[in-house]
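*Asks:* have a look; sequence and predicted model below, questions after that.
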Amino acid sequence: MTNSAFKTAAVIVAAGRGTRAGAGLPKQWRSLAGQRVADHAITAFVTHPRIDHVLVVVHPDDTEHSASLTVPTVSGGATRDASVLAGLNALNDQGFSHVLIHDVARAGIDASTIDAVIDALQSGADGAAPALPVTDALWCGANGVVTGTQSRDGLFRAQTPQGFAFDAILAAHRAHPGNAADDVEVARAAGLDVTIVAGNERNLKITTPDDFARLEKHLQNDQRGPMDIRLGNGYDVHAFEDGDHVILCGIKIPHTKALKGHSDADVGMHAVTDAVYGAMAEGDIGRHFPPTESEWKDMDSAVFLKHAVNLAASKGFTISNVDCTLICERPKVGPHAAAMMARMGEIMGLATDRVSIKATTSEKLGFTGREEGIAAIATATLVKP
Ligand SMILES: Nc1ccn([C@@H]2O[C@H](COP(=O)(O)OP(=O)(O)OP(=O)(O)O)[C@@H](O)[C@H]2O)c(=O)n1
Ligand SMILES: C[C@](O)(CO)[C@H](O)COP(=O)(O)O
């Protein structure tokens, strides 16, 4: 069959009462991730480029809800079979070569599953439907006790949309006595072969109250998009002045000079703090703690780093790692590096294998080589899942 002769309708059955989903509004009219269950399912077909027409089968008592649908509707019957047949009868003689029959309750239906069914039909299959292989062990049971086991070999969990040549499935439904589990059963009773295509876990059928949350989780995961990964860098310099110790990455180290600064002049911690701010495009320490404000005089720089870490957490970021290089001839950093990593990890709530503190000299070149001060450079990685 050429593509021009291939004209596909979708029948979405939505006339059930949803009794297993709990009391109240039938499940198809309840809200899920910002829109009604029915709207999720219908939109997937209406927006699909290979679906030419969408018909929704609704319950006559639901006009208050179905009136706002933007696709044609017909009234369903007392059973799923009867509702499907009502939909097929309504589309008869309208030139559709094929039809996809879908449960409105499978609101997570995605375009690629619809494509897989249509691909199989275009390859010449009488019928095609998505399914997932059974992966759990299967038991028989009675009165809360296992009475036997059942092989799962060759067993599948059937999904919709189930697609068929239009005239063949209409004739099959008209001839069927009723009470079929699905349209594949009806088709097979009429001698049609049905191809299995890959199903999808998010194409679950909302049946019980828990299924709303399960499907919502799938939809949210899909909407979440790629992980947000940010890198920030920080650079700081402090000059030496008279004194007997320096504070580097939170550790007091005896030295022949001190570092000059408004706060405790912890050049390493400042570089890391600026890297965290930088990853969020949140400026630097000076923006959050202006040196013109006396309250930050001689301040423990842990206050600045904690502020940056808390700001990251409030924006949903986790700090994945930080790496800081101290640039100085003296004091020697190596003997203190482990204590520095432990202290920085403690402040940031990070394991020590995510905090790297290392040092280099500048081979006696420049201001660090002349021991006029210490420089530090840092990188931070922030991740939002
Ligand atoms: N008389 C019926 C019965 C069911 N369906 C539709 O068939 C699909 C699968 O049925 P099911 O999940 O069993 O839905 P309900 O019949 O609504 O649920 P319940 O059995 O819990 O009442 C649903 O999209 C449902 O709306 C239908 O159109 N007409
Ligand atoms: C059609 C179906 O969704 C395929 O898995 C399923 O058979 C419908 O079953 P229900 O008993 O009407 O929920």
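*Replies:* Arrived safely. Ligands and ions are numbered 1, 2, ... in the order given.
*Asks:* least trustworthy helix or strand in the chain by mean pLDDT?
*Replies:* Counting by mean pLDDT, DSSP states H and E, the chain has its least confident helix or strand at helix 210-224, which shows a mean of 87.
*Asks:* so that helix, near ligand 2 or not?
*Replies:* No - Helix 210-224 does not reach ligand 2 (CB under 6 Å from any ligand atom); its nearest approach is 10.9 Å. All C-beta spots, glycine's among them, are computed from the backbone N, C-alpha and C.
*Asks:* tell me what that helix is packed against?
*Replies:* strand 31-32 (3 or more CB pairs under 8 Å, 6 or more residues apart in numbering; DSSP states H and E).
*Asks:* just checking, what packs against the strand it packs on?
*Replies:* helix 210-224.
*Asks:* roughly how far out does the helix or strand following the helix it packs on sit from the chain middle?
*Replies:* Following helix 210-224 in sequence order, the next helix or strand is strand 228-242 (DSSP states H and E). How far strand 228-242 lies from its chain's middle: 34 Å, per CA atoms, centre = their mean, to the nearest Å.
*Asks:* same check on stretch 130-150?
*Replies:* Offset of stretch 130-150 from its chain centre (CA atoms, centre = their mean): 31 Å.
*Asks:* that one close to ligand 2?
*Replies:* No - Stretch 130-150 does not reach ligand 2 (CB under 6 Å from any ligand atom); its nearest approach is 8.2 Å.
*Asks:* show me what counts as buried in that stretch.
*Replies:* 130-132 (16 or more other CB atoms under 10 Å).
*Asks:* before we move on, what about stretch 303-311?
*Replies:* 304-305, 307-309.
*Asks:* reformat the buried residues of stretch 130-150 as a markdown table; add pLDDT.
*Replies:* Below are the buried residues of stretch 130-150 laid out as a markdown table (pLDDT from 0 to 100):
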| residue | pLDDT |
| --- | --- |
| 130 | 98 |
| 131 | 98 |
| 132 | 98 |
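*Asks:* which stretches in the stretch 51-200 of the chain count as strands?
*Replies:* Taking DSSP state E, counting those that start in this stretch to define them, one finds strands in the stretch 51-200 of the chain at 53-58, 73-75, 98-103, 127-133, 138-142, 145-150, 156-158, 162-165, 194-198.
*Asks:* what's the second one in contact with?
*Replies:* Right, the one you point to is strand 73-75. If you take CB atoms under 8 Å, 6 or more residues apart in numbering as the criterion, strand 73-75 is touched by 15, 55-60, 66, 86-87, 90.
*Asks:* average pLDDT across it?
*Replies:* Per-residue pLDDT over strand 73-75 has a mean of 98.
*Asks:* and it, how far out from the chain's middle?
*Replies:* The answer for strand 73-75 is 35 Å, by CA atoms, centre = their mean.
*Asks:* just the longest one next, same as before
*Replies:* The chain centre lies 25 Å from the centre of strand 127-133; the measure is CA atoms, centre = their mean.
*Asks:* helices or strands up against that strand?
*Replies:* If you count contacts as 3+ CB pairs under 8 Å, 6+ apart, strand 127-133 packs onto helix 111-122, strand 156-158, strand 162-165, helix 183-189, strand 194-198.
*Asks:* closest to residue 51 out of the ones you listed?
*Replies:* Residue 51 lies closest to helix 111-122 among the helices and strands packed on strand 127-133, at 7.1 Å (CB to CB).
*Asks:* helices or strands next to the closest one in the packing?
*Replies:* Contact analysis of helix 111-122 by 3+ CB pairs under 8 Å, 6+ apart lists helix 37-46, strand 98-103, strand 127-133, strand 162-165, strand 194-198 as its packing neighbours.
*Asks:* one step back: could you check the angle the least confident helix or strand of the chain makes with helix 37-46?
*Replies:* Orientation of helix 210-224 against helix 37-46 (axes from the mean of the first three to the mean of the last three CA atoms, to 10 degrees) gives an angle of 50 degrees.
*Asks:* got the residues of this protein near ligand 1?
*Replies:* Residues of the chain lying near ligand 1 (CB under 6 Å from any ligand atom): 13-21, 28, 57, 76-80, 83, 103-105, 205, 207.
*Asks:* for the residue of the stretch 101-250 of the chain found nearest ligand 1, what are its contacts?
*Replies:* Nearest residue of the stretch 101-250 of the chain to ligand 1: residue 103, at 3.7 Å (CB to the nearest ligand atom). By CB under 8 Å, 6+ apart, the contact set of residue 103 is 12-13, 41, 160, 205.
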